[in-house]
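Asks: just to be clear, the model below is a prediction. Sequence and coordinates:
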Amino acid sequence: MKNYLPFEKPVSELEKKIEELEQESVSKQIDLSSSLEGLKQELSEEIKLIYSHLTSWETVLIARHPERPKLIDYIRYLIPDYVYFCGDRHYMDDNAIFSAIGTFQGKPIMVIGHNKGKDTKENILNNFGMANPEGYRKAIRLMRLAEKFNCPVVLMVDTQGAYPGIAAEEHGQSEAIAYNLREMFRIQVPILVIVTGEGGSGGALGIGIGDKILMLEYAIYSVISPESCSNILYRDTSRASQFAEKLHITSKDLMQFGLIDGILPEPLGGAHRDHKTMLETVKKEIQYFLDEQTPLNKKTRLDRRMEKFLKMASYETSLNLYQSSS
Amino acid sequence: MISFSKGNTPKIVKPQEKNIENPDWIKCPSCRSIQYAKQLEENLSVCPKCNFYFKLSASKRIEILLDENTFEETDTDLSSFDILKFSDTKPYTQRLEEGIQKTNHLEAIITGLGNIENTRVAIGVMDFDFVGGSMGIVVGEKIVRLADKARLNHTPLILVSSSGGARMQEGIFSLMQMARTSAAIGKFQEQGGLYISILTNPTTGGVSASFAFLGDIIIAEPSSVIGFAGARIIEQTTKQKLPAGFQTAEFLLDHGQLDKIVERKNMRKLLTRLLQFYSKGKTKA
Ligand SMILES: [Zn+2]
């Protein structure tokens, strides 16, 4: 049973019709190819239409779509010979963050990301990709391991946020994130950040510093989830869709603000409708990034990374943006 | 970015708690005793009866910590703008206006250079009365510039936090200040700079998860609420009862996350000693 988002209703109806027609053609042994062709054409037009004017809230729903490619899909596709690593060496292994090294186009890369599950069972095991401090500590440990292998790091961001739990606070969630924010500026190997789904606040940024920041077309990146924003200001989540708009959280918004370096286009109807195409796009982009980074020496890379973040969202940059928009 | 539930509320005295008919008297929200305003101020805004910490304005904090007339404020001209044209229960511009009215400052942090017992320091102090001490573009910028100043002048850096976290009303621009402040502090520390972080009530969310927890030394005022996520959110998410004293300075000290809890009246003395150790260690014999 496919998951359809509320605004995908016409799509679900058309797909149902197509399916019925296909079954009919098989069971009754009749050629319905021309009507099928027409319906498929109609379907593709319908999807194009819907996806050409999505609201921010609809984008949020796509970013969270349960059938969207997850970290493990990317890892299996990008580095099929991968070896994964566990633990923060202090307290525990946090499944919410998963990390593996493997061969990418002949050379090793390290992929680290939020590990949203593919079903409820996995999601419970992985805490829905909401990391505890141990997850952030594991992540930075493995970025250092990547330095030893002299291999680039790909950070894949997909989390609602860092886990708001009792143990998380006891073990220093704040410190763990803050520490990563500082230390990622010192990791000597190239770092590519890709926001694949939800870029939820400090929990996203905690593995979100790098030389290049990309977002998938329907990914989101926000200081706070629209629900929490509504909840804090109005004590209920009823205004979430309104705040999705107001907070400016889509890839287009961030690109306009100069806070990301690029948008990776998603297949027609979103990544959840066509994993293969999405995975291939990401793969090409990683290759492109590695080619860009090869000629840079370590110092230049680190200086540029620092410069990039100090400049983005700075007072001057933002003021210019503000003045040119009003 | 954080909201405080009733049970876990850092007790913040709102202006209306001042007795309107007689502004000379202030009621302590903790023990309900009536305090003479002047006396309370002389006691550094700590209730003499129950030791409750009233929040302190940034200017008052600077007055308490620094040698008299040594503070040179920097970046006084930076003021916030409504980059997202944001409006919730009230327009963001109105929140900014109210913050200015309440604090007499343009933003939620004052930064500058000053002396503590003749040792030059770069210091930034947050003011909770300005939009909940939240960090937006200007707060982030002032911290970045201050860390740079400390680095170039070879002075220790002191930041006194009092903040609900990142400023929602500036959206993703606020989030990026977590990265920017952490980057600037890292740059400063990498060159041997000493950064002392002082956490006051409350220090939470995007501020605690960035510059506030990067201190080489982290000191808190007694019973301050300090944490990443809001208590109400944690309760709702985990459906568990929060342990006693959860997210207080004492709780954090117990869990190894702070160096010390120091009373307001002793803070300057402690800083003086630390700064002296630091400068003695640095001078060649
Ligand atoms: Zn009292």
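Replies: Structure's in. What do you need?
Asks: show me the contacts for the residue of the stretch 151-300 of chain A found nearest the ion.
Replies: As assessed by CB to the ion, the ion sits closest to residue A:169 within the stretch 151-300 of chain A, at 27.1 Å. Bear in mind the C-beta positions are built from the backbone N, C-alpha and C, glycine included. Contacts for residue A:169 (CB atoms under 8 Å, 6 or more residues apart in numbering or on different chains) come out as B:227-229, B:234, B:246-247.
Asks: can you pull out the strands in the stretch 151-285 of chain B?
Replies: Ranges of strands in the stretch 151-285 of chain B, per DSSP state E, counting those that start in this stretch, are B:157-163, B:195-204, B:217-220, B:226-227, B:260-261.
Asks: in JSON lines, list the contacts of residue A:169 along with neighbour count and pLDDT.
Replies: Converted to JSON lines, those look like this (neighbours: other CB atoms under 10 Å in any protein chain shown; pLDDT from 0 to 100):
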{"residue": "B:227", "neighbour count": "29", "pLDDT": "98"}
{"residue": "B:228", "neighbour count": "34", "pLDDT": "98"}
{"residue": "B:229", "neighbour count": "28", "pLDDT": "96"}
{"residue": "B:234", "neighbour count": "24", "pLDDT": "95"}
{"residue": "B:246", "neighbour count": "19", "pLDDT": "97"}
{"residue": "B:247", "neighbour count": "25", "pLDDT": "98"}
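Asks: considering only those, which also neighbour chain A?
Replies: Contacts with chain A within the contacts of residue A:169, as defined by CB under 8 Å from any CB of the partner chain: B:227-229, B:234, B:246-247.
Asks: among these, which lie within helices?
Replies: Here DSSP state H is the test, and the ones next to chain A among the contacts of residue A:169 give residue B:234 as lying in helices.
Asks: and the furthest pair within the ones next to chain A among the contacts of residue A:169?
Replies: The distance between the two most remote of those (CB to CB) is 12.2 Å, for B:228 and B:246.
Asks: what sits opposite residue A:113 in the beta ladder?
Replies: With DSSP bridges applied, residue A:113 shows beta-bridge pairing to residue A:98, residue A:156.
Asks: tell me how chain A divides into domains.
Replies: Following automatic domain parsing, one gets these domains for chain A: A:6-53, A:61-325.
Asks: strands of the stretch 1-150 of chain B, start to end?
Replies: In the stretch 1-150 of chain B, the strands defined using DSSP E, counting those that start in this stretch lie at B:25-27, B:34-36, B:72-74, B:109-116, B:119-126.
Asks: export those to a markdown table and tack on distance to residue A:83, mean neighbour count and mean pLDDT?
Replies: Below are the strands of the stretch 1-150 of chain B laid out as a markdown table (distance: least, CB to CB, whole Å; neighbours: other CB atoms under 10 Å in any protein chain shown; pLDDT from 0 to 100):
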| stretch | distance to residue A:83 | mean neighbour count | mean pLDDT |
| --- | --- | --- | --- |
| strand B:25-27 | 63 | 17 | 93 |
| strand B:34-36 | 64 | 15 | 93 |
| strand B:72-74 | 51 | 13 | 98 |
| strand B:109-116 | 46 | 22 | 98 |
| strand B:119-126 | 45 | 24 | 98 |
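Asks: can I get these in JSON lines with distance to the ion?
Replies: JSON lines is the format used below for the strands of the stretch 1-150 of chain B (distance: least, CB to the ion, whole Å):
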{"stretch": "strand B:25-27", "distance to the ion": "9"}
{"stretch": "strand B:34-36", "distance to the ion": "7"}
{"stretch": "strand B:72-74", "distance to the ion": "32"}
{"stretch": "strand B:109-116", "distance to the ion": "27"}
{"stretch": "strand B:119-126", "distance to the ion": "24"}
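Asks: tell me the phi and psi of the closest residue to the ion within the stretch 101-250 of chain B?
Replies: Closest contact between the stretch 101-250 of chain B and the ion, by CB to the ion, is at residue B:223 (12.0 Å). Recorded main-chain torsions at residue B:223 are phi 50, psi 20, according to degrees, to the nearest 10.
Asks: got a list of what it touches?
Replies: B:53, B:201, B:248-250.
Asks: just give me the neighbour total for residue B:29.
Replies: By other CB atoms under 10 Å in any protein chain shown, 16 other residues sit near residue B:29.
Asks: okay, buried residues for stretch A:73-90 please.
Replies: Neighbour-count burial for stretch A:73-90 flags A:73-75, A:77-79, A:82, A:88 (criterion: 16 or more other CB atoms under 10 Å in any protein chain shown).
Asks: so where's the stretch 101-250 of chain A uncertain?
Replies: Scanning the stretch 101-250 of chain A for pLDDT under 70 picks out no residues.
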